[in-house]
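Chemist: structure, please.
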Amino acid sequence: MLKSLVLAGLAAAALTPCLASAQTAYDEEHYGPPPGVQVEPNDNLTIWENRGNTQAREQWMEERIRHRVSDGAITQSQADHDMGRLREIQAMDDGFRRDNGGHLTPDQRHQINDRLEHLADMILAEENKTAAESR
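Modeler: Residues are numbered from 1 along each chain as shown. Predicted structure coming up:
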């Protein structure tokens, strides 16, 4: 009996790091960082392509809007409108996280990512319209 308990204890101790790493991988895949975590802004497409971190994508989008208005690709009026839509998305993200202990569910993450991608499509259309008008 004692031998069985010792073996069970050793097996549990050996599996604990594996279970912890599996949990961490799941959390990183399905949940973003808690509210207030600062993500370095970076105009790198890999951030945009990372659908797992909505806050990084939101910051990337904000930087993109600012850059596109500064280089004349979109007007200030368009940028103001886009920033308003982005703030709505950020408020949704913050609300979801507040309601879920700092995390997003996969469905919530999907909702936010869909809205961010729709906003990105609108900005691209605005850029194309502004470019066509300036020709």
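
Chemist: may I see the buried residues of stretch 87-103?
Modeler: 89-90, 93, 96-97, 103 (16 or more other C-beta atoms under 10 Å). To be clear about C-beta, it is placed using only N, CA and C from the backbone, and glycine gets the same treatment.

Chemist: mind checking which of the residues you listed are in helices?
Modeler: 89-90, 93, 96-97 (DSSP state H).

Chemist: which stretches of this structure form helices?
Modeler: 2-30, 45-49, 54-70, 76-99, 106-133.

Chemist: is it true that R64 touches E127?
Modeler: No: under the criterion of C-beta atoms under 8 Å, R64 makes no contact with E127, lying 10.2 Å away.

Chemist: more neighbours, these two?
Modeler: R64 (20 against 16; other C-beta atoms under 10 Å).

Chemist: out of the ones in helices among the buried residues of stretch 87-103, who's nearest M122?
Modeler: I89 (12.0 Å; C-beta to C-beta).

Chemist: separation between the closest one and T130?
Modeler: 22 Å (C-beta to C-beta, to the nearest Å).

Chemist: ok, now M83?
Modeler: M83 is 16 Å from T130, by C-beta to C-beta.

Chemist: dump the residue contacts of Q108.
Modeler: 96, 100 (C-beta atoms under 8 Å, 6 or more residues apart in numbering).
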